[in-house]
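Give the three-dimensional model of this entry:
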Amino acid sequence: MSTTSLVADPRLASSSIPRPWRAIRASRSLSVLEMCRSNRSFNIRRPCRLVILSPIGRNVDSASRLCCSRSGNSSGARMSSVELQPSLELKAKAAEIVDALKGTSLFLVGMNGPIKTKVGKFIADALEYCYFDSDEVVEKVVGGATAARDLRQIDEKGFLESETEVLRQLSSMARLVVCAGEGATQGATNLSYLRYGISVWIDIPVDVMASEMFKEGAQFSNAEDSADAFDESVTELSRRYDKMKGGYATADANISLLKVALKLGYADLGNVTPEDIALEVLKAIENLTRAKKMMEEAGRPF
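Numbers count the residues shown, from 1 in each chain. Below is the predicted model:
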C-alpha cells in the first residue's frame, strides 16, 4: 500500500472537506513510517513491532515492522539528546516491566505542555518504544502549530474530531508512547480507543504549566505586559483544565506533580524533574500489570 504524506494540501480548504479530520481519513491510513522519515526529530534505529488490532482486539496483522525512536529537539520541548538520556534507575525499572507489558502502548493524557512531552520521551527511550505526539500529527495536517491553535479557537469541535481520528489510528499500533491530545478522554469513542493501551494522567498544576510554557516561548495572548499575559494564560489553562479533568480522572493511573514532590520531600515543585515523574509512571504501570496478572491467575481453574 502506498503511503501518503500528511503535509497540508491547499485542496483541503475546499468547502467539500470542512474539517481537517477528513484530511486524515482521506489518507486511508496514518503512515507512521512516513512520519518517521519526514520528521528530522526521529531516528530510524529501533525495531518496534506493530500489531494491528481489530475492533474486538484480535491480532489481524503483525507482519509489519517499524524502526523509530525520537531524540533531539522537537516542538514543545527543547532538550538535547544528552538531557533526554534516561538514568540507570529509570532504565532498570523499564527493564523490569517491559516483558509484562507485552508491547502494550501507553497513552499519556492531561493538559499539554513541555513537562508532559519530556516525560513521554523519557519513558519511550527507557522502554525502547516509539514516541508520538498526537497534536503534532494534527499540526502536520492543518499546516503548523499556529494553524492548529487558530483552528482550536475558531472550530474547537473540528479540532477535537481531528484528535479523535489520530487517536483511532495510533491506537491500532503497539509499542508506542503517545502524548495524547487534551481532548483524548472526552467521549465514549475516545475512551474506547484508550482501552487498547494503558492510560496515565500526568497532572500538572496550571500555574506550573503556564510557567513552563512561557519558558518555551509559547504565547497565549497579545497582552504587551508579561505579567498580564501570564495571568491570562493561567485563566485559559484553568478553564480548559476544569472542562477536561473529569475525563482525565478515568485514566488507569494518575501521576500528580504535587504528590511526586511530597513523596520526594520537595517543598519547591520546580525541583521535581520530568524524569522523576517518568519513574513514577513506570512504577504505576508495574502495579497495574501485577494486579492484572493476579486477576488472571485467580480466574484460572484448579
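
Find the helix or strand that residue 234 is a member of.
helix 226-248 (DSSP states H and E).

looking just at contacts, which helices and strands does that helix meet?
Here helix 226-248 touches helix 206-215, going by 3 or more CB pairs under 8 Å, 6 or more residues apart in numbering; DSSP states H and E. Any C-beta I mention is one placed from the backbone N, CA and C, and that applies to glycine too.

List of residues touching the helix it packs on?
With contact meaning CB atoms under 8 Å, 6 or more residues apart in numbering, helix 206-215 is reached by 111, 113-115, 220, 226, 229-230, 233-234, 237-238, 241, 257, 269-270.

Just give me the least confident of those.
Within the set of the contacts of helix 206-215, pLDDT is lowest for residue 220 (57).

tell me which residues in the helix holding residue 234 are buried?
Residues of helix 226-248 classed as buried: 229-230, 232-234, 237-238, 241, 244, 247-248 (neighbour count, 16 or more other CB atoms under 10 Å).

so where do the strands sit in the protein?
Under the criterion DSSP state E, strands of the chain are mapped to 42-49, 52-53, 59-61, 65-70, 106-109, 130-133, 176-179, 198-203, 253-256.

Who's the closest spatial neighbour of residue 139, skipping the chain neighbours?
residue 148 (4.5 Å; CB to CB, 6 or more residues apart in numbering).

Would you check that that neighbour makes contact with residue 136?
No: the criterion here is CB atoms under 8 Å, and residue 148 misses it with residue 136 at 9.1 Å.

May I have the predicted confidence score for residue 250?
Per-residue confidence at residue 250 stands at 95 (pLDDT).

Please give me every residue in contact with it.
With contact set as CB under 8 Å, 6+ apart, residue 250 has these partners: 185, 191, 199.

before we move on, what about residue 280?
The contact partners of residue 280, by CB under 8 Å, 6+ apart, come to 255, 260, 263.
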